[in-house]
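Give me the fold of what follows.
(one chain, ligands or ions: 1)
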Amino acid sequence: MIYKKKDFFIEKVKASKLAKIYSTPLYCYSYQKLSENINYFKKMFKSIDPLICFSVKSNPNKILLSEIRKLGLGADVVSIGELMRSLKAGIKPNKIVFSGVGKTSKEISYAIQKKILLINAESKSEVLEIEKLAKAKKRKVDIGLRLNPNTDAKTLSQISTGKKENKFGVSEKTFLNLIDYIKKSNFINLKCLSVHIGSQILNNKPYEKMLKVLEKIIDKSEYNFEYIDLGGGMGIDYENKNKNLDLKKYSFHINNFLKRYKTKIIFEPGRSIVGNTGLLISQIIYIKEGDNKNFIILDAAMNDFMRPALYNAKHRIIPLIKTNTRSKKAYEFVGPICESTDKFLTKKKFQKLKEKDFIAICDVGAYGMALSSNYNLRPKATELLIKNSKIQIIYKRQSLKDLI
Ligand code: LLP
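Below is the predicted model:
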């Protein structure tokens, strides 16, 4: 994804051309970026030889999922819908793990029936429910138990999950008690300890602390876990300042951990696999002049891309056609939805823009389309996958007819 002279290209395709043909708002993903990310992730953790389960919640697009499967990943799912879709995308059950604090009996039954690798339980009640359903099916089911390590991920509070005030996992005490319970069960088999302390983590310190907590608890339990599922959370560089999480360092810490325990590592990355693969292209509907700033009113809104409204996340915005101009006034990029939080970014000294120009919001591949909605009865956007000069429609814009 680069400028060639003044035009922005996604692989070999001019982005402004896509905007004109497929209309906006328009999600576009680069296949090359996707495969680069996956290969990079594998390379960084090569010495660990982990099972990498893509966190489907970050981007559940069917075709993207099947490309991710072809690139060798399994799936981390959190609902029956995600589980069905992962199976449909051809992901083998023995590469699927199921997380979440509120799996229903129907979801657990389906997961048991499909013989997925692990159901990661998050409470005593859930363990009992899995046991009950396994007994009814006369099966012994492999499970994981999610520990709440009470570790601060040092990320946004809204996406932090590993502290004791968060609803996720069980405390050390419950964890140890449940191990004793499960050991005696004929219908559940404890194979995995799982954790996930949060998302968009940019510093290795929280992971280091988390591993220390795991060591303490594994030692106390004297239990041999066949798998340790470390979750996802690896942060990416939204600001373009070379601030990604240092995966090599993380790998180093895990290798140290593995010197003490013979176990298979599972990862559940979402954002680090798809985050920077996607752009959201949008057209300027109006420019509204204010005293200190101009409002750039886009045809994309918070229903299409929720992260700025929900987490005050800052995503870079770029013009699809570059000019050598600079606006004296600041620009506030907003959507047309009737909410004040429906805004994306305020930029000073952006190039001068006109009505009908196209811009792109960057790094929207994770939790972009996944979090989109029909708020204000707006149809969900088209998604395209670009591979070299090939353009594939991987989701077709909802029609107004469908909505109405
Ligand atoms: N595993 C578990 C158990 C999770 O809860 C999550 C994310 C992941 C893996 C994947 O995390 P990742 O590698 O993508 O950071 N909507 C928010 C992020 C919510 C994350 C929820 N859990 C956002 O847009 O930042």
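
So the residue of the stretch 101-250 of the chain found nearest the ligand, which state does it fall into?
In the stretch 101-250 of the chain, the residue that lies nearest the ligand is Gly232 (2.6 Å; Cβ to the nearest ligand atom). Using the backbone N, CA and C atoms, a C-beta is placed for each residue, glycine as well. Classification of Gly232 using DSSP: H, G, I helix; E, B strand; the rest coil returns coil.

Could you list which residues are in contact with it?
Contacts for Gly232 (Cβ atoms under 8 Å, 6 or more residues apart in numbering) come out as Ser55, Asp76, His196, Ser199, Phe267, Glu268, Pro269, Gly270, Arg271, Ser272.

Repeat that for Gly72.
By Cβ under 8 Å, 6+ apart, the neighbours of Gly72 are Ile38, Lys42, Ile52.

ditto for Leu202
Thr155, Gly235, Lys243, Asn244, Leu245.

distance of it from His196?
16 Å (Cβ to Cβ, to the nearest Å).

ok, back up a step: which of the contacts of Gly232 fall within helices?
Arg271, Ser272 (DSSP state H).

Among the contacts of Gly232, the buried ones, what's the ChimeraX command?
To isolate the buried ones among the contacts of Gly232 in ChimeraX, judged by 16 or more other Cβ atoms under 10 Å, type:
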select :55,76,196,199,267,268,269,270,271,272
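
Now, the contacts of Gly72 that are in helices?
Short answer: these in helices (DSSP H) are Ile38, Lys42.

Near the ligand, which residues of the stretch 1-150 of the chain are found?
Ser55, Ser58, Asp76, Ser99 (Cβ under 6 Å from any ligand atom).

hang on, the second one packs against Val274?
So that's Ser58. Yes - Ser58 is within contact range of Val274, at 5.8 Å (criterion: Cβ atoms under 8 Å).

which of these two has more neighbours?
Between Ser58 and Val274, counted using other Cβ atoms under 10 Å, the more crowded position is Val274 (29 against 24).

For that one, which non-adjacent residue is closest in space?
Gly365 (4.0 Å; Cβ to Cβ, 6 or more residues apart in numbering).

now do Arg316
Cys362 (4.3 Å).

The one you found contacts Ile318, correct?
Yes - the criterion here is Cβ under 8 Å, and Cys362 meets it with Ile318 at 6.3 Å.

of all the residues in the stretch 151-300 of the chain, which ones are close to the ligand?
Counting by Cβ under 6 Å from any ligand atom, the stretch 151-300 of the chain sits next to the ligand at 159, 161, 196, 199-200, 231-234, 268-272.

Restrict the longest helix seen in the chain to CA atoms and write it as PDB.
Scanning the chain for the helix with the most residues, using DSSP H, yields helix 205-221. The C-alpha trace of helix 205-221 is given here as PDB (Å, rounded to 0.1, in the frame of the first residue of the first chain):
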ATOM      1  CA  LYS A 205       6.400  -5.900  30.600                       C
ATOM      2  CA  PRO A 206       2.800  -7.000  31.200                       C
ATOM      3  CA  TYR A 207       3.500 -10.300  29.300                       C
ATOM      4  CA  GLU A 208       6.600 -10.900  31.400                       C
ATOM      5  CA  LYS A 209       4.500 -10.400  34.500                       C
ATOM      6  CA  MET A 210       1.800 -12.700  33.200                       C
ATOM      7  CA  LEU A 211       4.400 -15.400  32.600                       C
ATOM      8  CA  LYS A 212       5.700 -15.100  36.100                       C
ATOM      9  CA  VAL A 213       2.200 -15.500  37.500                       C
ATOM     10  CA  LEU A 214       1.700 -18.600  35.300                       C
ATOM     11  CA  GLU A 215       5.000 -20.100  36.600                       C
ATOM     12  CA  LYS A 216       3.800 -19.500  40.200                       C
ATOM     13  CA  ILE A 217       0.500 -21.200  39.700                       C
ATOM     14  CA  ILE A 218       1.700 -24.100  37.600                       C
ATOM     15  CA  ASP A 219       4.300 -24.800  40.300                       C
ATOM     16  CA  LYS A 220       1.600 -24.700  43.000                       C
ATOM     17  CA  SER A 221      -0.700 -26.900  41.100                       C
END
